[in-house]
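*Asks:* give me a 3D structure for the following:
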Amino acid sequence: MRGAWLLALTPTAFTGSSLKHGRLHDGAATRCPSDVDLVRRVGKSSACNGIIAAASLTSLFATQHQPALQGWIAAAGAAVVFGGSSLPAKHPAAAAAGALGFQLWVTIGNAGLNLVLLLLLRVPIRWSAWGVAGAAVLTGTQIFAWPAIQRLGAAVGPGVWCGIGMLTSFGWGVLAFHEKLHSPPLAALALSILIAGVGGVAAAHVVASRRQPDWGAKEQSSSTARELREAAAENGFLPETVAESGGTQAAPSSRSGAPTFPDGPANASPRPNASPRPSTIAAGMACAIATGLLDGSLMAPFSAYRASVPASPTAALSYLGSFAVALPVVALVPLLLAHMGRDLLSRSSASFWRFFNLPCALSGVATGALWATGNVLSVHATMRLGQAVGFPLTQVCVVVSALWGTLYFGELQHRLALALFCGSSLAVLVGAALLKLGGSGFF
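*Replies:* Reported below is the predicted structural model:
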């Protein structure tokens with residue numbers, strides 16, 4: 001992954017206050033003072049990440065005649081931009097839209113930014129089978145990521161698929177595309193440290209979520225909880241995924257798979273730390289493994305495309321052109337059909353229009369645009385550093401994402417969770433440095 005960017009593609013990265021203090025009514029979120037503060041923070045942090053994204057793109061194209069430097073700038077920029085790409089998705093309107101509705105706007109923002117960027121750079125946009133393959137891999141990754149997060153939670157799910165994704169990408173680079181490494185043993189050690197570090201970051205979120213009290217027992221009235229339950233059931237929103245950003249975690253899904261919200265202290269629904277059924281865990285692990293395999297293969301179509309065309313500094317942009325053209329066809333139509341099909345099965349027409357509002361549209365388009373920027377940087381990192389090294393280096397985005405949540409949104413306040421996060425973040429940075437040395441040496 002870039003574990004953080006997958007979470008950005010679903011409205012799962014919300015702070016606890018966005019649900020604890022917001023009331024959903026008639027398809028819209030009525031803002032309380034806490035919601036106003038949340039929206040303000042989301043706006044400021046998203047604008048900051050937008051500035052970083054613009055600066056990263058400027059630096060990327062300014063160093064196009066310095067391949068090595070451009071590769072490292074691209075990898076660092078991708079990690080930072082991907083790490084903040086979930087910030088617009090923290091807006092309460094994204095939760096009200098539901099996963100599928102929000103994803104439609106994300107797809108529009110993703111394809112739109114790619115097309116605008118290519119038009120500004122005057123890069124010819126051509127249809128390519130490899131671009132279609134890349135769009136299909138991304139769509140498949142998202143499809144499996146949603147049920148993985150639903151069954152395992154938004155901390156454990158990305159922790160699993162990040163590790164598998166890094167191994168898969170490394171395998172593609174070394175075994176399929178025969179990329180040469182300066183020191184294969186050192187690169188393998190670095191990859192192991194990276195995987196352990198990413199897993200530790202996910203574990204820190206699990207520790208934080210399990211040590212927090214039941215959010216419904218203290219801050220939710222029964223009437224508000226019922227409204228949230230109805231809106232969530234109508235939209236398919238998965239409340240257990242709130243824990244990704246360190247927010248208080250809602251109760252796990254019921255045995256039927258529908259989300260459950262606690263009505264108060266006397267509520268009989270499972271506690272947040274209740275153990276899920278083995279079949280639920282098995283299904284979640286299967287989806288997480290599939291997500292990791294697809295996520296780690298996301299750059300494989302680009303590597304294959306680059307091998308099929310003459311070497312050129314614009315090869316990455318040419319691929320992105322075909323990717324941007326294919327994405328609406330491959331992703332947007334299935335998403336619309338899935339959204340309409342779900343509403344037909346539920347015999348409800350109200351939720352289909354829930355995502356047609358300006359706050360949701362702006363949040364989704366901004367998320368898609370930030371992800372697209374990170375993808376542009378990631379493609380250049382893969383082109384310059386190779387898939388075995390460039391892709392895993394972007395995993396530092398998991399640390400960047402957690403830093404946003406911890407330092408700006410006040411998440412991960414528990415001491416044990418903070419200690420685990422700090423140690424794991426250090427492991428990620430050490431692993432990234434060692435992977436650089438194992439991949440290309442000291443220089």
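*Asks:* how about Lys180, what does it touch?
*Replies:* Contacts were defined as Cβ atoms under 8 Å, 6 or more residues apart in numbering; by that measure Lys180 touches no other residue. Where C-beta positions appear, they are placed from N, C-alpha and C, glycine not excepted.
*Asks:* try 10 Å
*Replies:* The contact partners of Lys180, by Cβ atoms under 10 Å, 6 or more residues apart in numbering, come to 173-174, 386, 388, 439-440.
*Asks:* hang on, it in a helix?
*Replies:* No - the assignment for Lys180 by DSSP: H, G, I helix; E, B strand; the rest coil gives coil, which leaves it out of any helix.
*Asks:* tell me the contacts of Pro124?
*Replies:* Contacts for Pro124 were tallied using Cβ under 10 Å, 6+ apart; they are 118, 314, 317-318, 321.
*Asks:* the residues you listed in helices, which ones?
*Replies:* Among the contacts of Pro124, the members found in helices (DSSP state H) are 118, 317-318, 321.
*Asks:* so Leu437 makes contact with Pro185?
*Replies:* No - taking Cβ atoms under 10 Å as the contact criterion, Leu437 and Pro185 are not neighbours in contact, 11.3 Å apart.
*Asks:* helix, strand, or coil at Gln413?
*Replies:* For Gln413, the secondary-structure state derived from three-state DSSP is coil.
*Asks:* what about the closest residue to it other than its chain neighbours, neighbour count?
*Replies:* Spatial nearest neighbour of Gln413, chain neighbours left out: Ala208 (7.4 Å); criterion: Cβ to Cβ, 6 or more residues apart in numbering. For Ala208, the tally of surrounding residues (other Cβ atoms under 10 Å) stands at 26.
*Asks:* distance of Ala208 relative to Pro92?
*Replies:* With the distance defined as Cβ to Cβ, to the nearest Å, Ala208 ends up 21 Å from Pro92.
*Asks:* swap in Pro301?
*Replies:* With the distance defined as Cβ to Cβ, Pro301 ends up 36 Å from Pro92.
*Asks:* quick one, which of these two is more surrounded?
*Replies:* Per other Cβ under 10 Å, whichever of Pro301 and Pro92 has more neighbours is Pro92, with 30 against 23.
*Asks:* if I look at the more buried one, how far off is Glu411?
*Replies:* According to Cβ to Cβ, Pro92 stands 16 Å off from Glu411.
*Asks:* Ser378 is in contact with Tyr319, isn't it?
*Replies:* No - distance between Ser378 and Tyr319: 11.7 Å, which falls outside the contact criterion (Cβ under 10 Å).
*Asks:* quick check: neighbours shared by those two?
*Replies:* Common neighbours of Ser378 and Tyr319 (Cβ under 10 Å, 6+ apart) are Phe302.
*Asks:* show me which of those two is the more surrounded one.
*Replies:* Set side by side, Ser378 and Tyr319 show more neighbours around Ser378, with 29 against 24, by other Cβ under 10 Å.
*Asks:* not counting sequence-adjacent ones, nearest residue to the more buried one?
*Replies:* What sits nearest to Ser378 in space, not counting adjacent residues and going by Cβ to Cβ, 6+ apart, is Ala78, at 4.3 Å.
*Asks:* the one you found: which element?
*Replies:* Of the helices and strands defined by DSSP states H and E, Ala78 is found in helix 67-84.
*Asks:* same check, this time on Leu403
*Replies:* helix 397-403.
*Asks:* just the buried positions in the helix or strand following that helix, please.
*Replies:* Per DSSP H and E, the first helix or strand lying C-terminal to helix 397-403 is helix 415-440. Of the residues in helix 415-440, those buried by neighbour count under the rule 16 or more other Cβ atoms under 10 Å are 417, 420-422, 424-425, 427-428, 431-432, 434-436, 438-440.
*Asks:* now do stretch 52-62
*Replies:* When burial is assessed from 16+ other Cβ under 10 Å, stretch 52-62 yields the following buried residues: 52-53, 56-57, 59-60.
*Asks:* could you list the low-pLDDT ranges of this structure?
*Replies:* 1-34, 154-155, 211-276, 339, 342-355, 440-443 (pLDDT under 70).
*Asks:* need the single longest helix in it, by residues.
*Replies:* The longest helix of the chain (DSSP H) is helix 33-62.
*Asks:* packing partners for it?
*Replies:* Counting by 3 or more Cβ pairs under 10 Å, 6 or more residues apart in numbering; DSSP states H and E, the packing neighbours recorded for helix 33-62 are helix 16-20, helix 67-84, helix 92-97, helix 99-120, helix 358-385.
*Asks:* Ile281 reaches Arg151, doesn't it?
*Replies:* Yes - under the criterion of Cβ under 10 Å, Ile281 makes contact with Arg151 at 6.9 Å.
*Asks:* ok, these two, which is more surrounded?
*Replies:* For Ile281 against Arg151, the residue with the higher neighbour count under other Cβ under 10 Å is Arg151, and the figures read 26 against 14.
*Asks:* before we move on, back to that, distance of the residue nearest to Gln413 from Val428?
*Replies:* Distance from Ala208 to Val428, by Cβ to Cβ: 18 Å.
*Asks:* same check on Trp127?
*Replies:* With the distance defined as Cβ to Cβ, Trp127 ends up 38 Å from Val428.
*Asks:* for Gly43, same thing?
*Replies:* Per Cβ to Cβ, Gly43 is found 28 Å from Val428.
*Asks:* contact partners for Thr382?
*Replies:* Listed by Cβ under 10 Å, 6+ apart, the contact partners of Thr382 are 71, 74-75, 78, 169, 173, 298-300, 302-303, 306, 316, 388-391, 393-394.
*Asks:* relative to Thr394, how far out is it?
*Replies:* As it turns out, when the distance is counted by Cβ to Cβ, Thr382 lies 9 Å from Thr394.
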